[in-house]
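S.K.: 3D model of this:
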Amino acid sequence: MRGFLVKLRVSLFPWRRRARSGQLSFLRRFPNKDIKRATAGFSRSFVSLSSGPVYKAKFQDGFMAMVKEVKAFPQGKDAFYREVQLIGQLNHCHLVGLRGFSTGCERFLVLEYVENGSLKEHLTDPLKTPLNWKTRLRIATGVAAALEYLYFFCNPPIYHVCINSRNVLLDENFNAKLSDIGLLGSCGNHIAKSYTLCSRGCMDQECRNIIFQLGVLLLELVTGQPSEDDGTDLVKWVQDSNFLRSMHKMVDPDLGNTYDFIELRTLLTVARLCTKTDGNPKFVRQILLYLQRKVKP
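M.R.: Have a look, this model is predicted:
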């Protein structure tokens, strides 16, 4: 009877099982040689995330994807498989999906192909068509929705994420897709940090960092200016008590006069709050609800 129950559980919940070879049953495993061939020897650089370059890949069966090498992950093979399993189960329209992985001397993640590259390119590259105001609002709301999903609908909640215009990718309809999620994708020294949680559900500093980064991203969307050095100049401006008087001067010139004044003030008010918050993750849900209520579809 016990054997029957085990077989039944495996058939109903295949993601709980990992074969001895490390193959996760719900993700495709790619040989390293296939990844090298699909990326033309890693010559098809597509975007550059905070954690490193991402390559465009076309496999022999016609499957299109993005490939990123996983570096600086010292926790070992089993930890790598657990993290891949965690990321692979994420399913949200504003997250870049994990489609497969590869192991060996080098480790790679095979990611959903996102056609229009990074938000940073579209804000700073003069050869790119400028993003209109409605698209920027939709991107802001999409990123907030992705964070709400990671914080409140994932078990365990995921707080290892790096938010900036490099890591926000845009699909064919210019909808936002957040990348660099989890320990395999986080930027900077987040990679080596543990999942030790504080009493409020996440590490205080992690939460402050993420919400602060969201505020800086909103400022980038309004101004079109890159957030180098953690957006120090932009944050200093929006935290000034008279920032509303000068907001028209800070709007991205590419927008002209096509933006809505009320929506502009709303977005900047949210950015100001994000760069001043104490880091409570519940604030993310409040941001999303506020944007959905105040911003016209």
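
S.K.: contacts and neighbour counts: CA atoms only from here.
M.R.: Will do.

S.K.: which residues touch the residue nearest the centre of the chain?
M.R.: Against the mean C-alpha coordinate of the chain, by C-alpha atoms, centre = their mean, the closest residue is L178 at 2.5 Å. With contacts defined as C-alpha atoms under 8 Å, 6 or more residues apart in numbering, the neighbours of L178 are 94-96, 143, 146, 163, 167-169.

S.K.: in JSON lines, list these along with pLDDT, neighbour count and distance to L218.
M.R.: Compiled in JSON lines, the contacts of L178 are given as follows (pLDDT from 0 to 100; neighbours: other C-alpha atoms under 10 Å; distance: C-alpha to C-alpha, whole Å):
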{"residue": "H94", "pLDDT": "97", "neighbour count": "24", "distance to L218": "16"}
{"residue": "L95", "pLDDT": "97", "neighbour count": "24", "distance to L218": "18"}
{"residue": "V96", "pLDDT": "96", "neighbour count": "26", "distance to L218": "20"}
{"residue": "V143", "pLDDT": "96", "neighbour count": "23", "distance to L218": "10"}
{"residue": "A146", "pLDDT": "95", "neighbour count": "20", "distance to L218": "15"}
{"residue": "I163", "pLDDT": "91", "neighbour count": "26", "distance to L218": "11"}
{"residue": "N167", "pLDDT": "94", "neighbour count": "28", "distance to L218": "14"}
{"residue": "V168", "pLDDT": "96", "neighbour count": "26", "distance to L218": "12"}
{"residue": "L169", "pLDDT": "97", "neighbour count": "28", "distance to L218": "15"}
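
S.K.: which of those residues fall within helices?
M.R.: 143, 146 (DSSP state H).

S.K.: of the contacts of L178, which belong to strands?
M.R.: When DSSP state E defines the strands, the subset of the contacts of L178 inside them is 168-169.

S.K.: export the contacts of L178 to JSON lines and tack on distance to D254?
M.R.: Converted to JSON lines, the contacts of L178 look like this (distance: C-alpha to C-alpha, whole Å):
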{"residue": "H94", "distance to D254": "25"}
{"residue": "L95", "distance to D254": "27"}
{"residue": "V96", "distance to D254": "28"}
{"residue": "V143", "distance to D254": "22"}
{"residue": "A146", "distance to D254": "27"}
{"residue": "I163", "distance to D254": "23"}
{"residue": "N167", "distance to D254": "22"}
{"residue": "V168", "distance to D254": "20"}
{"residue": "L169", "distance to D254": "20"}
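
S.K.: may I have the phi/psi pair for the residue nearest to the centre of the chain?
M.R.: Per-residue torsions, L178: phi -80, psi 130 (degrees, to the nearest 10).

S.K.: which residues does it bridge with?
M.R.: With DSSP bridges as the criterion, L178 is bridged to L95, V168.

S.K.: cool, M64 as well?
M.R.: K58.

S.K.: and it, what does it touch?
M.R.: 56-58, 112-113.

S.K.: I181 now?
M.R.: Counting by C-alpha under 8 Å, 6+ apart, I181 has contacts 87, 160-162.

S.K.: let's see it at 6 Å
M.R.: V161 (C-alpha atoms under 6 Å, 6 or more residues apart in numbering).

S.K.: need the pLDDT of it.
M.R.: With respect to pLDDT, I181 scores 89.

S.K.: what's the answer for G201, then?
M.R.: According to the prediction, G201 has pLDDT 47.

S.K.: now swap in A19 and tell me
M.R.: Model confidence at A19 (pLDDT) stands at 35.

S.K.: check Q60 too.
M.R.: For Q60, pLDDT reads 92.

S.K.: now swap in E148 and tell me
M.R.: 93.

S.K.: what about it, distance to H160?
M.R.: 13 Å (C-alpha to C-alpha, to the nearest Å).

S.K.: neighbour-wise, which of those two wins?
M.R.: The residue with more neighbours, out of E148 and H160, is H160; 24 against 21, by other C-alpha atoms under 10 Å.

S.K.: skipping adjacent residues, who's closest to the more buried one in space?
M.R.: G182 (4.9 Å; C-alpha to C-alpha, 6 or more residues apart in numbering).

S.K.: how near is that neighbour to Y159?
M.R.: Counting by C-alpha to C-alpha, the gap from G182 to Y159 is 7 Å.

S.K.: sweet, I'm off.
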